[in-house]
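Chemist: next comes the sequence, and after it the predicted model I'd like to discuss.
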Amino acid sequence: MRKIILILLFAAVASFSPAMAAVDLDGFMQTLFGGRLDESNPTASEYTVAESRMQLRAEHFGDGGEFFGRLDFVYDGSLEPTYNWELREGYFKFRVGDDIDIKVGRQILTWGTGDLLFINDMFAKDYRSFFVGRDDQYLKAPQDAIRFEYYNPIGSWTLVWSPRFEPNRLPTGENLSFYNPMAGMFIGTGMGGEVPLPESKFENSEIALRLSRQVGNFNSSAYFYKGFYKNPTGMHAVDFPTGPDTIPYYPELNVFGASIRGMLMGGILWLEGGYYDSHDDPDNDNPLVPNSSIKGLFGFERQIAENLTANIQWQADMLTDYETYEMQQTMFGGYVRDEVNHLLTSRVTKLLNSELIQLSGFLFYSPSEEDMYARFSVTYNYTDEITLTTGGNIFDGKNPATDFGQFRLNDNIYAKMTYGF
Amino acid sequence: MKKLIAAFIVMLLASFTLAGSLFAEDAAEIMKKSHLAYYYSADDGVAEVKMTIVDKKGKERIREFTMLRLDESDGGAQKYYTYFRKPSDVSRLTFMVHKNPDATDARWIYVPAIDLVKPISADDKNSSFVGSDFSYEDVSGRHWSEDTHSVVKDSTIDGASVLVIKSIPLEPYKGFARKLTFVDQTSYLPLREEYYDKKDKLRRIFRAEKVEEIDGILTVTARSMQNVKKNRKSTIVFSSISYNQGLTSDLFSERYLKNPPRKFIK
């Protein structure tokens, strides 16, 4: 029996080999080193990142559809040396009839209008990569999903179904520390711990829906998401043998939103809004679960001089039931945020030397939270194959319980070399 | 011998008359024909493009991409689609332009590694196209009605008779203060262009390096732009050109930006 299976396998491989010959293979090799600037950071390693990476990309297409795979192999030397691999993408894409595109498998997903601000984009992000200088593509964590796209005269409909919830990847305290308000301290021992995912069952799958339509110069979209907060922002009360305690979890969340983006005044303008319906706390009376909120975003980008592009964004985030929130937080002695949190961001990109050198800076600043996060980098395309990058990430915050304040010990600089093939 | 001289005189006279009639032709009309012959050949086109950028130290950069073009009307709106192949860090990236002679172009980029569709502010048509010495406008064309044209003289380039046409922008323009176009008298293709700045210094020289007949249409299959000031040169070589492939407007939409049409982009 085994022999028959082997022969069949062999025959299958042999019959596929002409097709195999047509698989395109490319990718890159990369070395990235980053070090913390703040000696008081309690992280286990002085390196925020110390890794060598090889990414292989394989692509094959025929009449029936196309396959794309992106596989990373990483040697991580920042703590105990480890070898890791990750399938970043591995999907099959095909068409049904004239109007339906389907993409099945592990994939990176993005939508919405914000520049590094996400209201309706509820796809998983990887802040562990984002904060240490990995390439932009690593901001997005892959998720296993099926994406249906249907095009009809009303607009383009996209449905993304992820059978298993995919959370954001947040600092764990190993290479990057964070502030734990419950413990009242910065965690840098890797004790951040794994937060249990919602149980693996059909009703816990994620659904993201978008309807998009071009209206004149503007692209308008409506969004819906059913799933969970991507960060473990909720707390469960649990009775441990040692006594009652709380553990973090991912509370249920629905998001309803809309956006519009288009050309105006020689630049690009975008507006986006969303209502975060905190499903586990419908009356906003549970202090262990985030309250519902409304978010709005305004952005504008334009070229302001030759090879110099800048944008500005303003995001406001308003709690729907601030009085209850304020009372709860005061009662628990926790950090009390403003009713409306304002966040301002700006990106400036300058290209030099015929676009071979790129200077980039991105600043997040919140006057309400009194915290900030600055990213900057210089990239030099030394040859078509070799790219050299250096940059840094600077965090600050008056209060350690704020979005960026919790990472304020993680200031770092990094250097990166990439060889593309 | 007498016959030969007679034939020579007849040819000479004929060429004078021809040149004369061309001289008589409105310079703007010639530039229009040239623009249409160069930027609007057939109704659509697909080509593989290899761009080589050589800097003053002789260092080479290579960009390879597939380009799709669709004309909505001759001399009017056009749509461009670019699928990048090389270098490796931009492979599979797609780029789309909706060119509208009466308004600002609309440009979008799609970065597949993060599944990101992004409109690009395209205020400056003069900015460099993928870091080369060609500007966006050199790739998609500056409408003839934006300049005033006059015939300077006739001349020859590699044995081909050309008319030299001077163009002055109607409104102050960063791209040039004065441009000379050497238009082939039979095909109307621009064989050479000289761009002069405000101080009347020669800044860039365009050359049609190779002209071939593709599907019965004379096409500049190799072209270069020499940047005199920066001492750099970019060369674009087209291969696998095909015209009238039946491209449709919907190919130039977000759907296909994200899902390259494999019928044309292998």
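Modeler: Happy to help now that I have it.

Chemist: what pairs with residue 70 across the strands?
Modeler: Since no chain was named, I'll use chain A. A:Arg57, A:Glu89 (DSSP bridges).

Chemist: hm, I was asking about chain B
Modeler: B:Asp44, B:Lys79.

Chemist: check contacts around it.
Modeler: Residues in contact with B:Leu70, defined by C-beta atoms under 8 Å, 6 or more residues apart in numbering or on different chains, are B:Asp43, B:Asp44, B:Gln78, B:Lys79, B:Leu247, B:Thr248, B:Ser249, B:Leu251, B:Phe252. All C-beta atoms are positioned from the backbone trio N, CA, C, and that covers glycine.

Chemist: A:Asn284: which of those is nearest?
Modeler: B:Phe252 (47.1 Å; C-beta to C-beta).

Chemist: and that closest one, how far from A:Gln55?
Modeler: 30 Å (C-beta to C-beta, to the nearest Å).

Chemist: tell me how far B:Phe182 lies from chain A.
Modeler: Separation of B:Phe182 from chain A (C-beta to the nearest C-beta, to the nearest Å): 27 Å.

Chemist: what pLDDT does that residue get?
Modeler: pLDDT, B:Phe182: 97.

Chemist: buried ones among the contacts of B:Leu70?
Modeler: Using 16 or more other C-beta atoms under 10 Å in any protein chain shown as the burial test, the contacts of B:Leu70 include B:Asp43, B:Asp44, B:Gln78, B:Lys79, B:Leu247, B:Leu251, B:Phe252 as buried.

Chemist: next, count neighbours for residue 68.
Modeler: This is for chain A. 20 (other C-beta atoms under 10 Å in any protein chain shown).

Chemist: meant chain B, my bad for not saying
Modeler: 23.

Chemist: one more: B:Ile157?
Modeler: The number of residues near B:Ile157, taken as other C-beta under 10 Å, comes to 14.

Chemist: who does it bridge with?
Modeler: B:Ala160.

Chemist: do A:Leu159 as well
Modeler: Beta-bridge partners of A:Leu159, counted by DSSP bridges, are A:Phe148, A:Leu209.

Chemist: how much space separates it from chain B?
Modeler: With C-beta to the nearest C-beta as the criterion, A:Leu159 and chain B are 15 Å apart.

Chemist: which ones are touching that residue?
Modeler: A:Arg147, A:Phe148, A:Tyr150, A:Ile207, A:Ala208, A:Leu209.

Chemist: any quick ChimeraX command for the buried ones out of those?
Modeler: A single ChimeraX command suffices to select whichever of the contacts of A:Leu159 are buried according to 16+ other C-beta under 10 Å:
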select /A:147,148,150,208
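
Chemist: quick check, B:Val75 in a strand?
Modeler: Val isn't right for residue B:75; it's Gly. No - counting by DSSP: H, G, I helix; E, B strand; the rest coil, B:Gly75 falls outside a strand, being coil.

Chemist: so how many other residues sit close to it?
Modeler: 16.

Chemist: same question for B:Lys33.
Modeler: Residues near B:Lys33, counting by other C-beta under 10 Å: 16.
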